[in-house]
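A.B. asks: no sequence for this one, just the structure:
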């Protein structure tokens, strides 16, 4: 059994760790609420863009065919796919990073022609350690996602798709299902699907009586990158929320475990202190008896 001083030292160390886990929990909680507000405030804008694309397609079904081109004439072995993988910049978030990387390894690494774009330091370090090629110019932090970053990411992959360097573009991110559940998933960004846009359209016929300058195709070409950027931004923010949600749960679990350890150590400390007191009493009695025998 450890002595009382050693147990007290361990208890102080655990309490110091608890302060850190509590602080990380509070920081993640604050960032989570901020990210949720940002996503909620921008959603109406991107829903409007999606609705605009749906109405333009209803007005002119042949518009923007380049973005809907599935390139079915290509053999599966010739198709080049791009994957945007959204991870975190830090660990200590449970299985958050592992779940995303697992999907990326399974899908993106099935063919050496595929291109890998990684957001977040954890993902980049993982793939570099595995000697898996990652786009070296695509170095974005996962912290505080913003529209400028999403637009640049969207423009990069849209240009690669239009120029024929990629035939399909996917994004691997983590979706927040509810306050306690997150789910890593993969969604296709390009080519676009007309059925998905048609489902988002409403019955507004105002586009029937408007003119597009310089042309309807030019307007469509301008709006599509914003639509893709909206999807990317949503994925970045959802992943950011999921990261902090996972970190909150991990820190709460760590704090609860630390409390249990302190409780257990407290009992051990009391036993050690009682044993020390008993030993001291025994030594005093033994000394007293020895002294008594001498005087006799």
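C.D. replies: Now that the structure is in, tell me what you want to look at. Bear in mind the structure is a predicted one, so any value in this text is a computation, not a measurement. Numbering: from 1, shown residues only.
A.B. asks: mind checking which helix or strand residue 188 is in?
C.D. replies: Residue 188 belongs to strand 182-190 when elements are defined using DSSP states H and E.
A.B. asks: Which strands or helices does that strand pack on?
C.D. replies: In terms of contacts (3 or more Cβ pairs under 8 Å, 6 or more residues apart in numbering; DSSP states H and E), strand 182-190 is packed against helix 96-108, helix 147-162, strand 168-176, helix 216-295. Where C-beta positions appear, they are placed from N, C-alpha and C, glycine not excepted.
A.B. asks: what's the second one in contact with?
C.D. replies: Counting by Cβ atoms under 8 Å, 6 or more residues apart in numbering, the neighbours of helix 147-162 from elsewhere in the structure are 42, 66-67, 82, 84, 115, 117, 119, 138, 140, 166-167, 169, 189-191, 224-226, 228-233, 236.
A.B. asks: Among those, name the buried ones.
C.D. replies: Those of the contacts of helix 147-162 that meet the buried threshold are 42, 67, 82, 84, 115, 117, 119, 138, 140, 166-167, 169, 189-191, 224-226, 228-233, 236, by 16 or more other Cβ atoms under 10 Å.
A.B. asks: Output the below-cut-off pLDDT ranges for the protein.
C.D. replies: In the predicted model, the chain carries pLDDT under 70 at residues 1-2, 64, 110-112, 136-137, 196-210, 294-296.
A.B. asks: returning to what we had before: nearest to residue 56, of the helices and strands packed on strand 182-190?
C.D. replies: Minimum separation from residue 56 across these (Cβ to Cβ) falls at helix 216-295, 5.9 Å.
A.B. asks: how about stretch 286-296: buried residues?
C.D. replies: Residues of stretch 286-296 classed as buried: none (neighbour count, 16+ other Cβ under 10 Å).
A.B. asks: can you check stretch 139-153 too?
C.D. replies: 140, 142, 145, 147, 149, 150, 151, 153.
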